[in-house]
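Colleague: I would like to see how this sequence folds:
(chains A, B, C and D)
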Number of protein chains: 2
Amino acid sequence: MTEAAQTLHQRILDEIEGRIVSGEWPPGHRIPFEMELAAHYGCSRMTVNKALTQLARAGLIERRKKSGSFVTQPRGQSAVLEIADIKTEILALGLPYACDTRRRAVRRGRAADGFAPPLPPGARVLEIACVHLAGPRPFCLEERAINLAAVPEAEAADFSETPPGLWLLRQVPWSAAEHRIRAVAASAAEAEALGLAPGAACLEITRTTACGERPVTRVRLLYPGDRHTLAARFTPTG
Amino acid sequence: MTEAAQTLHQRILDEIEGRIVSGEWPPGHRIPFEMELAAHYGCSRMTVNKALTQLARAGLIERRKKSGSFVTQPRGQSAVLEIADIKTEILALGLPYACDTRRRAVRRGRAADGFAPPLPPGARVLEIACVHLAGPRPFCLEERAINLAAVPEAEAADFSETPPGLWLLRQVPWSAAEHRIRAVAASAAEAEALGLAPGAACLEITRTTACGERPVTRVRLLYPGDRHTLAARFTPTG
DNA sequence: GCCTTTTTCATGTATATACATTTTAAGCCG
DNA sequence: CGGCTTAAAATGTATATACATGAAAAAGGC
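Modeller: I've put the predicted structure just below:
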């Protein structure tokens, strides 16, 4: 037997998902009622209900009382983007990691810092600029502002071993984040720091992180466009 | 009463998520056993179990038999990227949409088409190049290859009203996709088509779509870097 | 016929129970 | 003490049941 002993829950999930992604049940199609599926699989309605609830959470079906469950129309191409920590990413390439801090200062927050939600007026902010090196080559330019009210320990922290991103991930895990991804031309200073020609195409990721209502940090990461690629994947059930 | 009548399931979910994202229960912390939570909320173990199962699927906690459930260490910054259909996106900006097809041909598939999984040898491929226009201005350059074995209807389809991406989304919904996002300098031809200076920074999205084992399409989208931004969001429970 | 009321039906949530699974801890014995 | 067996503990899966909810269809009144 190559077939693994899978649970009924998983089997129902897989079979219905299969019918949807194969197009056998196109968007708008009403899938069988819970009672019918329960009879088909010889199980109780609860078992079917849990599987369908999961499909609904994944966005594959939409459930309407009295009417039944319907295959949804995919609204767009959504995908899961995994942005690894920079140090981890470089080490995964088999290269030695180093962080060269160019600037570090404590100042008052400005509106231009772009925190979301906005900083309270007069908040103290730690500003850091550094270059992440993969071996001898510059890998990424980082400009970061940290809300010291949210993470006071940052003022005394040393970011030469653990870069700010990873350090913050350990201090403030599981915060919410918003990303903006753009292509920009490198300024003269940025090109010099990254070892590129001025005006070279770069991938810019701006991330705003908040913990509940409290803004934590905002960072701008600049990657040489010809050397870095982001990957995102989409699978119906994830 | 401003408080909505929420279900117990949701309340358990929210409270535990709140404790995790606030840092009150840091990574590695063992959360109360199902029986303890059931006693605390005055409900049955099943109700707690369903909530914890959902948190585990979201990746917030890890469950170990006999030992209990533990808050996980976030492995990196992951986020959900929503890539809307181009026509929808332009119409959402309040601009009229148009699609200018520059090239359209049927030819044999090549390895350079980059399908995943690879095309069978000699497969027929529909090749399309077009410029998406937002009002008078070029918005995005599209180069696409469609596997005619997977979508034979594409050969006769007209993409002036419905662009290829949206058309395919209707024909082959719920397929799996892989995205690569890079910053590139526009070539002379690309710059001309987009109304940019040669070498201008552009955001390049390459998407490979497959339906099960069958490759469906591969597309390269080129956006002017200074005019387009991708947004991605992360929230613990999604 | 049209509007309102009632009924019906599918899903939503929750319960108590049962047994399987897996991993840790305890117990036993040489 | 070390290695084996055994029991206990917590999660995993599934059942049967109950009632709530909301929307569509049927029934009723004018």
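
Colleague: how is chain A carved up into domains?
Modeller: Following automatic domain parsing, chain A resolves into domains at A:8-71, A:80-233.

Colleague: Which residues belonging to the strand or helix carrying A:A177 are considered buried?
Modeller: Element membership for A:A177 (DSSP states H and E) is strand A:176-185. Neighbour-count burial for strand A:176-185 flags A:176-179, A:181-185 (criterion: 16 or more other Cβ atoms under 10 Å in any protein chain shown). Heads up, the C-betas are built off the backbone N, CA and C, glycines and all.

Colleague: With distance to A:A129 and pLDDT as new columns, can those residues be given to me in CSV?
Modeller: CSV is the format used below for the buried residues of strand A:176-185 (distance: Cβ to Cβ, whole Å; pLDDT from 0 to 100):
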residue, distance to A:A129, pLDDT
A:A176, 25, 88
A:A177, 20, 92
A:E178, 21, 94
A:H179, 20, 96
A:I181, 20, 96
A:R182, 19, 96
A:A183, 21, 97
A:V184, 16, 97
A:A185, 19, 97
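
Colleague: Any regions of chain A where pLDDT drops low?
Modeller: A:1-4, A:238 (pLDDT under 70).

Colleague: Now with 80, please.
Modeller: A:1-5, A:75-76, A:237-238 (pLDDT under 80).

Colleague: Do a quick rundown of the helices in it.
Modeller: In chain A, the helices defined using DSSP state H lie at A:8-21, A:34-41, A:45-58, A:86-92, A:164-171, A:188-194.

Colleague: how about the residues of chain A near DNA strand C?
Modeller: Neighbours of DNA strand C within chain A, by Cβ under 7 Å from any atom of the strand: A:33-35, A:45-46, A:49, A:52-53, A:56, A:63-69.

Colleague: what's the most distant pair in those residues?
Modeller: Greatest spatial distance among the residues of chain A next to DNA strand C (Cβ to Cβ): A:M46 and A:S67, at 20.5 Å.

Colleague: Strands of chain A, residue ranges please.
Modeller: Assigned strands in chain A, in chain order: A:30-31, A:61-64, A:68-71, A:77-83, A:97-108, A:124-134, A:137-147, A:176-185, A:201-211, A:214-224, A:230-234 (criterion: DSSP state E).

Colleague: what does the longest one rub up against?
Modeller: Yep, that's strand A:97-108 we're talking about. For strand A:97-108, the surrounding residues in contact (Cβ atoms under 8 Å, 6 or more residues apart in numbering or on different chains) are A:86-87, A:90-91, A:122-134, A:148, A:155, A:159-160, A:163, A:193.

Colleague: ok, now which ones touch the residue lying closest to A:A197 once chain neighbours are set aside?
Modeller: Leaving aside its sequence neighbours, A:A197 sits nearest to A:A191 (Cβ to Cβ, 6 or more residues apart in numbering or on different chains; 6.1 Å). By Cβ under 8 Å, 6+ apart, A:A191 lies in contact with A:197-200.

Colleague: wait, which of these is closest to B:L13?
Modeller: A:A200 (46.3 Å).

Colleague: quick one, which of the domains of chain A is packed in tightest?
Modeller: domain A:80-233 (a mean of 18; mean count of other Cβ atoms under 10 Å in any protein chain shown).

Colleague: how far out from the middle of the chain is that one?
Modeller: On the basis of Cα atoms, centre = their mean, to the nearest Å, domain A:80-233 is displaced by 14 Å from the centre of the chain it belongs to.

Colleague: related to what we said a few turns ago, so which of the contacts of A:A191 comes closest to DNA strand D?
Modeller: The closest of the contacts of A:A191 to DNA strand D turns out to be A:A200 (Cβ to the nearest atom of the strand; 49.0 Å).

Colleague: Not counting its neighbours along the chain, what's nearest that closest one?
Modeller: A:A186 (4.9 Å).

Colleague: between the strand holding A:A177 and strand B:230-234, how many degrees?
Modeller: Going by axes from the mean of the first three to the mean of the last three Cα atoms, to 10 degrees, strand A:176-185 is angled at 160 degrees with respect to strand B:230-234.

Colleague: quick one: contacts for A:A188?
Modeller: Contacts of A:A188 by Cβ under 8 Å, 6+ apart are A:P198.

Colleague: Which residues of chain A lie near DNA strand D?
Modeller: With Cβ under 7 Å from any atom of the strand as the criterion, chain A meets DNA strand D at residues A:7-10, A:42-47, A:64-67.

Colleague: Identify the residue nearest A:C211 in space, chain neighbours excluded?
Modeller: The shortest distance from A:C211 to any residue other than its chain neighbours is 4.2 Å, reached at A:S175 (Cβ to Cβ, 6+ apart).

Colleague: my guess is the one you found contacts A:V216, does it?
Modeller: Yes - with contact defined as Cβ atoms under 8 Å, A:S175 counts as touching A:V216 (5.7 Å).

Colleague: which residues are common contacts for the two?
Modeller: A:209-210.

Colleague: hmm, back to that, I'd like to know which elements the strand holding A:A177 is packed against.
Modeller: Here strand A:176-185 touches strand A:201-211, strand B:77-83, strand B:176-185, strand B:201-211, strand B:230-234, going by 3 or more Cβ pairs under 8 Å, 6 or more residues apart in numbering or on different chains; DSSP states H and E.

Colleague: Among these, which comes closest to A:T237?
Modeller: In terms of Cβ to Cβ, the element of the helices and strands packed on strand A:176-185 nearest to A:T237 is strand B:176-185, at 10.1 Å.

Colleague: Tell me which strands the closest one pairs with, and in which orientation.
Modeller: Here strand B:176-185 is paired, per DSSP bridges, with strand A:230-234 (antiparallel), strand B:201-211 (antiparallel).

Colleague: May I have it as CSV, with CA atoms only?
Modeller: Provided in CSV are the C-alpha atoms of strand B:176-185 (Å, rounded to 0.1, in the frame of the first residue of the first chain):
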residue,chain,number,x,y,z
ALA,B,176,-1.8,27.2,-8.6
ALA,B,177,0.7,30.0,-9.4
GLU,B,178,4.3,30.9,-8.7
HIS,B,179,5.5,34.5,-8.7
ARG,B,180,8.9,36.1,-9.1
ILE,B,181,9.3,39.8,-8.4
ARG,B,182,12.3,41.7,-9.5
ALA,B,183,13.5,45.2,-10.4
VAL,B,184,14.9,45.5,-13.9
ALA,B,185,16.0,48.3,-16.2
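
Colleague: what angle do it and helix A:8-21 make?
Modeller: Calculated by the same axes, to 10 degrees, strand B:176-185 forms an angle of 60 degrees with helix A:8-21.

Colleague: isn't A:R180 right up against B:T229?
Modeller: Yes - contact criterion Cβ under 8 Å: A:R180 and B:T229 qualify, at 5.2 Å.

Colleague: that older thread, need the contact list for the residue nearest to A:A200.
Modeller: Contacts for A:A186 (Cβ under 8 Å, 6+ apart) come out as A:194, A:196-202, A:222.
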